[in-house]
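Chemist: just the structure for this:
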Amino acid sequence: MTTVFGVDIGGSGIKGAPVDLDMGALARERHKVLTPHPSGPEEVIGAVCEVVRHFDHRGPVGLTFPGVVVDGRTMTAANVDKGWIGLDAAARFSEALGLPATVVNDADAAGIAEVTYGAGRGRGGVVLLLTFGTGIGSALFSDGVLVPNTELGHLELRGKDAERRASSAAKERHDLSWSEWAGRVDEYLDLVEMLFSPQLIVIGGGVSRKHEKFLPLLKDRRAEVVPAELRNDAGIVGAAMAATLQPTVPAAEPPVGH
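Modeler: All right, here's what the predicted structure looks like:
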């Protein structure tokens, strides 16, 4: 069994577990802590260390981040503290953990997991994964190749970020019924379908656990719309995969003479 540790950093919770990469599943039950507020780098790094040390893990760690990530740097921070913008997050996590670290966009991680092990497995053409949670994350694939950092939750819909209207957090914030929320999701799917013409749309994020409450309410469209198979574990699995697919930042060497 090939195991690597994955951590999924979200706007509300930080969860992690060792991942069995042969099976594409968690090797042990995940451990979760609440995302600290304020959600600045020091606070979040401390919470991540707590999750990893819960398992006494030694070895590479893959981490997701809810924003654009380029070469280990976190470039945007829509749902966490602005102190993350421009930070060499991979280096900071590696230093704090004393372990090799890789950082990847959270929806990209979930998408990588779903096209490898889940609902997008073996599917060609344009596949779009959308995660509905604190915001809306997106992962876009063309014949299995990821277009990273698409951030389609920030498309404009009715004059504001689409995620302000159609995320699951918006459902709770506005106390919407499943039917009312499905109408907003449909409006958003109309927009992404017009722009990208996907053959398959995979719906992930925490709300995918309750897909039977809203997917049947969505209208018929050209794209096939299905729930994520890995549900809310997809980010952890994809983070672990990223730690094996991308160059990690090695753990800092102890000073000479120590």
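Chemist: in the chain, where's the longest helix?
Modeler: For the chain, the helix with the greatest residue count under DSSP state H is helix 178-196.
Chemist: quick check: buried residues in it?
Modeler: Neighbour-count burial for helix 178-196 flags 181-186, 188-189, 191-193, 196 (criterion: 16 or more other Cβ atoms under 10 Å). Just so you know, the C-beta spots here come from the backbone N, C-alpha and C atoms, and that holds for glycine as well.
Chemist: avg pLDDT for it?
Modeler: Averaged over helix 178-196, pLDDT sits at 98.
Chemist: coming back round to it: what is the nearest of the buried residues of helix 178-196 to residue 121?
Modeler: Residue 121 has its nearest neighbour among the buried residues of helix 178-196 in residue 196, at 20.1 Å by Cβ to Cβ.
Chemist: coming back round to it: tabulate the buried residues of helix 178-196 (JSON lines), appending distance to residue 209.
Modeler: Formatted as JSON lines, the buried residues of helix 178-196 follow (distance: Cβ to Cβ, whole Å):
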{"residue": "181", "distance to residue 209": "15"}
{"residue": "182", "distance to residue 209": "16"}
{"residue": "183", "distance to residue 209": "21"}
{"residue": "184", "distance to residue 209": "19"}
{"residue": "185", "distance to residue 209": "16"}
{"residue": "186", "distance to residue 209": "20"}
{"residue": "188", "distance to residue 209": "20"}
{"residue": "189", "distance to residue 209": "19"}
{"residue": "191", "distance to residue 209": "25"}
{"residue": "192", "distance to residue 209": "22"}
{"residue": "193", "distance to residue 209": "24"}
{"residue": "196", "distance to residue 209": "26"}
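Chemist: max pairwise distance over these: which two?
Modeler: Spatial extent of the buried residues of helix 178-196 (Cβ to Cβ) is set by the pair 181 and 196 at 22.2 Å.
Chemist: tell me the secondary structure for residue 39?
Modeler: Classification of residue 39 using DSSP: H, G, I helix; E, B strand; the rest coil returns coil.
Chemist: is it true that residue 68 touches residue 154?
Modeler: No: if you go by Cβ atoms under 8 Å, residue 68 and residue 154 don't touch, sitting 10.2 Å apart.
Chemist: any chance you could map the strands in the stretch 101-250 of the chain?
Modeler: Using DSSP state E, counting those that start in this stretch, the strands assigned to the stretch 101-250 of the chain run over residues 101-105, 126-132, 136-142, 145-147, 156-157, 160-161, 200-204, 224-227.
Chemist: where does the stretch 101-250 of the chain dip in pLDDT?
Modeler: 246-250 (pLDDT under 70).
Chemist: now do 90
Modeler: The model of the stretch 101-250 of the chain has pLDDT under 90 over residues 134, 206, 231-232, 245-250.
Chemist: how much space between residue 230 and residue 162?
Modeler: 24 Å (Cβ to Cβ, to the nearest Å).
Chemist: let me see the backbone angles for the closest residue to residue 124 other than its chain neighbours.
Modeler: Distances taken as Cβ to Cβ, 6 or more residues apart in numbering place residue 143 nearest to residue 124, at 5.2 Å, with adjacent residues excluded. Note on residue 143: backbone dihedrals following degrees, to the nearest 10 are phi 50, psi 40.
Chemist: ends of stretch 229-237, what's the gap?
Modeler: One end of stretch 229-237 sits 12 Å from the other (Cα to Cα, to the nearest Å).
Chemist: swap that for stretch 49-68, sorry
Modeler: So stretch 49-68: terminal residues 22 Å apart, Cα to Cα.
Chemist: for it, the distance to its chain's centre please.
Modeler: The chain centroid and the centroid of stretch 49-68 are separated by 14 Å, computed with Cα atoms, centre = their mean, to the nearest Å.
Chemist: do you know how far the residue nearest to residue 124 is from residue 48?
Modeler: Taking Cβ to Cβ, one finds residue 143 at 34 Å from residue 48.
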